[in-house]
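S.K.: predicted model follows, preceded by the sequence.
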Amino acid sequence: MQTPDDSALNLDREKGNFSYDVDYAYDAGVGLSEKTIDYISEVKKEAQWIRKFRHDALKIFNEKPLPLNWAPKDIQNVEFDKIRYYLSQGQMPSRDWEDVPDKIKETFERLGVPEQERKFLAGVEAQFDSESAYSRMKEELAKQGVIFMGSTEALREHPEIFRPWFGKVIPVDDNKFSALNSAVFSGGSFIYVPKGVKVKQPLQAYFRINAESFGQFERTLIIADEGAEVTYMEGCTAPRFETSTLHSAVVELVALKGAKIQYITVQNWSNNVFNLVTKRGWAEEDAQVRWIDCNIGSRLTMKYPAVVLNGKRARGEVTSIALANTGQVQDTGAKMIHLADETTSNVVSKSISVGTGRATYRGLTHMKPGLKGCKSNVVCDALLINTNSRTDTYPAINITGDKHFVQHEASVSKVNAEQIFYMRQRGIGEKEALSLSVNGFINELARQFPMEYSVELKRLIEMEMEGSVG
Amino acid sequence: MSEGVDNWGQWFEGLRLRELKAFEKAKLPDKDDPRWRWADAAALEIPQMTPAPIPAIETLVLAKQHAAELFENPLAQIVFVDGHLAAFSALPEKWVKKGVHFLPLSQAKQEIPALVAPMLFQSIHSLGGDPFVRWHRAGNAEGVFLHVPKGVALDGLLSVVHFTHAQNATLCPHALCLLEENTQASLVQSLHSLSPSPAFVCEETEIFLGKNAALNHSGIQNLDTLVRCQRAQAAVLGEGARLRDFSTQLGAKLDRRECNVQLAGARADARLFSVGVPCKGQCFDQRTYQGHLAPDTSSDLFYKNGVLAQGRSVFSGMIDVKPKAQGTAAYQSNRNLLMSDSAQAVSMPGLEIGANDVKCSHGATDAPIDPEQLFYLRQRGIGEQQARALLLEGFLTEVIERTEMGELKAPLQKLLAQKLEGCLDGR
C-alpha cells in the first residue's frame, strides 16, 4: 500500500492550498482590452500574424454571447473585467531546475514536480500563472526529433510545424471561451512527435495558478505524425482565494495516419476556479485519440472532450470520472463527430454527486450522411450519495444512414444498501464501507489511469467523501 | 372562478381572449431554445389562422362512413371534419345515468359549463410548443369533453376522429379528460384526412387523473402528407393514478408531438409508448417529459421509430425527478431502425435527477435491419421488399404488444400495412 508521500503527484487539495507573494516582472493589469493583447504580444515579442490572430479573437469573444440557453447558470458569475490576464516573472522557461526562481521552485517542489520527472517522465513542463517556469525533456527524445516546448517558443521556433494546425482543430469562433483563449493565450505545451516515433514514457505538464483573480489561458497543441505515439498528462492546482479565478484552456490534438495520442487530465483546481476548457482531437485514417479525464476540483467545470474522426477506421475514446461535492458543478461529457467510414467511438463516463454537488453528462454523437460502417457506444453511470445530490444526463445523437450501430445508455443509482450492510456486518465502519463501495463504482475506470494517478484518485475520493455519511 | 356566472358564453369568450392576448405577448419559438434543438425549421413557423367553412353534407357523410370503419363497436364516437361536427354516436344510456359525460366540447360548454370551465385550458405544457397552445386556445378549439365521475369504470372504447378536408384549413382539435377517483376509461383520438390538401392541425390534449383513476389514451395520426401538425398533450396524475399513453405517427409532412406527464401523486404510474414510421420527406418530432413530483412514482417510456428513405425522426425526452420524489423508478428507451441511407434519426434522451433513492435509466439505439434476419427470410423465398416490411412490422409490433391495448392492434396493423405499401417501394 502506497502512502500519500510516496505517490508521484501530490494531488491533495490541501497540499496545493498555499501561495507566495511573487514580484511579477510582467503584469497586464486587470480587465481585457486591445491594450491587454498588445501588451501580451509585446512581452512575448510575437510575430505579426499571432498579434492579428489575437485581435480577431478578441472581437469574436466580445460579440459571442454566453451560452445561457443551455449552460449552467453559474457561468454568468465569471467577472471578465476583474480578471488579470497575464502575469509572469519572465518569459523564458528554465532548462535547469537550479535556474528556476526560488519561490516558484519552492512551489513546484512542494507539489513534487522534479521528483516526478526523475521518477518516470520523459519530459515535464511546469507552468506558473501565465508562463512556463521550467521545461525539460530527456535528451534521447530530442535526438529523435520530438519537440516539447511552450506555446510562445514553439510558434517562434517551429512555425512551419505548428502554424498549419494552430487554431484549426478548434476554430477561434468555436465558442466564447475558445475565442477568449485565442485572444490572451499564454503558456501550455506544444508537442511534435515525428513519423513512427513512439514515446514510451508520458510527457507531463503541470499547471499552477498562484495569483488571486488571475486567469490562466494555456494553449496546447500536440501533433503526432504518421504512426507516432505519445501519452501526455496534465495536473493542475490553485490555492483557495476569496475571489474566483478563471482557467480557460484550448487543447488541440492532431493524430495523423495511424498515430495514437492519449491525453490524461487530473483536474483538482480549488473550489473557486471556473474551469471552462475546450478540448478536441483530430484523427486521420487509422489514428486513435483517447481522452482520459478526471474532474474532482473547481467550482464550475464545463468540458466536453471531442474527437473528430476524419479518416477511415479512426477511433475516438473518452474515459471520464467526475466527482461533484457541495458547491461544485461538474458539467462534463464527450463529443464524437464521425466524418469517415468505419470510424468507431467509445465513451465511458462515471460521476459521483456528494452533498448538494451536481454532476452532468452532456454529449454528442454525430454521423454525417453518406457514411457506412460506423459504430458508437456511450455508457454513463451516475452515483448519488446524499438525498439532495443531483445528476443530469443530456446526450444528443444524430445519425443518418442504415449502415451504422449506435447505442447510448445511462443509469442513475444510489449506493447499494445491501453492499453497505454486507460490509458493516463484517465489521467494516460505515465511512470505510461507503468509500469502498464508491471506489468499487469507479474502479473499472480508475484502473485505466497510470498507477500513480489511480492511487491518488482513490485517496482523493476517500477524502471528498469524508463527512458525507449520515 | 366560475361561481355564479350568468352568461357562460361570455365567460368562455373572455377565456379565449385572455389566451389571444397571451399569444400576442408570447415569445415565438426560437431555434436556439434547446427545446427546439434539431427541429425542422418549418416547425417554428406559426401560420395565419384560417378556419374552414362548414363542409358539404356529402363530405360529412363520407367522414361518418370512414370513421365507422376505424374501430369495431366503439362505446361512443364523435367525428369532426375541419373542426365541424360530422357525427356523434352518444354513450349508451346506462353510462349517462351514472353521470359520465362524453360530448363535443362546444356542446359541453353549453350544457355543463360549470363542469368544463374550471379545467379548460388549465394545462401547463412547457415543452417548447406553448405559443402554439395559446394560438390553439385563441382559435376555434373544438373536440371532446370527457368526464368520468367517482367510482365509474367504463368498459369500452371512446373514439374521437378529426378529418382535414378543405384546402389550407387550420384545425384546433381539443380534448379535455377529467377522470375522478377510482375510475377507468379508454380514449382514442384519431387524425385523418378526407382529401389530399395542405392543412395545419394544432392540437391540445388535457388529461387530469384523480386518485386511482386509470386512463388508456391513444393518438393515431394518419394525416395526408401535405398536412402539418403541431400537438401538445399534458397529463397530471393524482395519487395511485395510471396512464397508458400510446401515440402512432404515420401521416403528415411534419408532426411535432409534445407529451408532458406530471406524476403529482404518490405511487402514480405512467407508461408511454410510441411508434413512428417517417418516410419521403416526413419529419416526426417527439418531445416528452416524465415529471416525478411525488414519492414512489414510476414511469416507463418506450418509443420506436422505423425510419424509411428520406424520413426523419427526432426524439427528445426528459426524466425529471424532483427532490421530494424518493423511491422513483423511471425508464426511457428510444429505439430507431434506420431502413435507408437517407434515413435520419436524432435522439436526445435526458435525465435530471434530484433525489438519490431512485432507479433511473435511459437508452437509445440506432441500427439498420439485421442482415442475418433478412437473409433468413430471403432464403425462404420471401422477396426483399416483403422481408424488409416484415422485419419492420416485427420491430414495431413489440410496442403495440406492450401497450396491452388489444382493441387497437388490428386497426393499427391495417394502417401500418397501408403506410408501408406506399413507402417501401422505390427505395
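M.R.: Nice, thanks for sending it over.

S.K.: what helix or strand does B:L415 sit in?
M.R.: In this assignment (DSSP states H and E), B:L415 forms part of helix B:406-424.

S.K.: mind listing what's buried in the helix or strand hosting A:F421?
M.R.: In this assignment (DSSP H and E), A:F421 forms part of helix A:417-425. Within helix A:417-425, the residues that count as buried by 16 or more other C-beta atoms under 10 Å in any protein chain shown are A:I420, A:M423. No exception for glycine: its C-beta is placed from N, CA and C like everyone else's.

S.K.: distance from the chain centre to it, please.
M.R.: Computed by C-alpha atoms, centre = their mean, to the nearest Å, the chain-centroid distance of helix A:417-425 equals 36 Å.

S.K.: residues contacting that helix, please?
M.R.: A:E430, A:E432, A:A433, A:L434, A:L436, A:S437, A:G440 (C-beta atoms under 8 Å, 6 or more residues apart in numbering or on different chains).

S.K.: so which of those residues are in helices?
M.R.: Among these, the members found in helices (DSSP state H) are A:E430, A:E432, A:A433, A:L434, A:L436, A:S437, A:G440.

S.K.: now tabulate the residues you listed in CSV and tack on distance to B:G128.
M.R.: Below are the ones in helices among the contacts of helix A:417-425 laid out as CSV (distance: C-beta to C-beta, whole Å):
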residue, distance to B:G128
A:E430, 45
A:E432, 48
A:A433, 45
A:L434, 41
A:L436, 44
A:S437, 40
A:G440, 41
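
S.K.: is A:K312 in a helix, a strand, or coil?
M.R.: coil (DSSP: H, G, I helix; E, B strand; the rest coil).

S.K.: and it, how far is that from A:K260?
M.R.: Per C-beta to C-beta, to the nearest Å, A:K312 is found 16 Å from A:K260.

S.K.: state the number of residues packed around A:G370.
M.R.: Look at A:G370: counted by other C-beta atoms under 10 Å in any protein chain shown, it has 11 neighbours.

S.K.: what does the one 4 residues further on give?
M.R.: The burial count assigned to A:C374 is 24, neighbours taken as other C-beta under 10 Å.

S.K.: is any residue of the helix holding B:L415 near chain A?
M.R.: No. Judged by C-beta under 8 Å from any C-beta of the partner chain, helix B:406-424 stays clear of chain A, getting no closer than 13.1 Å.

S.K.: restricting to C-alpha, output that helix in PDB.
M.R.: Presented in PDB, the C-alpha positions along helix B:406-424 are these (Å, rounded to 0.1, in the frame of the first residue of the first chain):
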ATOM      1  CA  GLY B 406     -55.600  -5.200 -27.700                       C
ATOM      2  CA  GLU B 407     -58.500  -3.400 -29.300                       C
ATOM      3  CA  LEU B 408     -56.100  -1.200 -31.300                       C
ATOM      4  CA  LYS B 409     -53.900  -3.900 -32.600                       C
ATOM      5  CA  ALA B 410     -55.900  -4.900 -35.700                       C
ATOM      6  CA  PRO B 411     -56.800  -1.300 -36.800                       C
ATOM      7  CA  LEU B 412     -53.100  -0.200 -36.300                       C
ATOM      8  CA  GLN B 413     -51.700  -3.200 -38.200                       C
ATOM      9  CA  LYS B 414     -54.000  -2.300 -41.100                       C
ATOM     10  CA  LEU B 415     -52.900   1.300 -41.200                       C
ATOM     11  CA  LEU B 416     -49.300   0.300 -40.900                       C
ATOM     12  CA  ALA B 417     -49.600  -2.100 -43.800                       C
ATOM     13  CA  GLN B 418     -51.100   0.700 -45.900                       C
ATOM     14  CA  LYS B 419     -48.300   3.000 -45.000                       C
ATOM     15  CA  LEU B 420     -45.600   0.500 -45.800                       C
ATOM     16  CA  GLU B 421     -47.100  -0.300 -49.100                       C
ATOM     17  CA  GLY B 422     -46.800   3.400 -50.100                       C
ATOM     18  CA  CYS B 423     -43.400   3.800 -48.600                       C
ATOM     19  CA  LEU B 424     -41.200   0.800 -49.200                       C
END
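
S.K.: show me what that helix is packed up against.
M.R.: Where contact means 3 or more C-beta pairs under 8 Å, 6 or more residues apart in numbering or on different chains; DSSP states H and E, helix B:406-424 is packed against strand B:214-222, strand B:242-249, helix B:384-403.

S.K.: rerun at 10 Å
M.R.: Judged by 3 or more C-beta pairs under 10 Å, 6 or more residues apart in numbering or on different chains; DSSP states H and E, helix B:406-424 is in contact with helix B:57-70, strand B:153-164, strand B:184-193, strand B:214-222, strand B:242-249, strand B:298-307, helix B:384-403.

S.K.: chain A: which of those is closest?
M.R.: With C-beta to the nearest C-beta, the closest approach to chain A among those belongs to strand B:298-307: 8.6 Å.

S.K.: name the strands paired with that closest one and say parallel or antiparallel.
M.R.: Taking DSSP bridges as the criterion, strand B:298-307 sits next to strand B:269-276 (parallel), strand B:329-338 (parallel) in its sheet.
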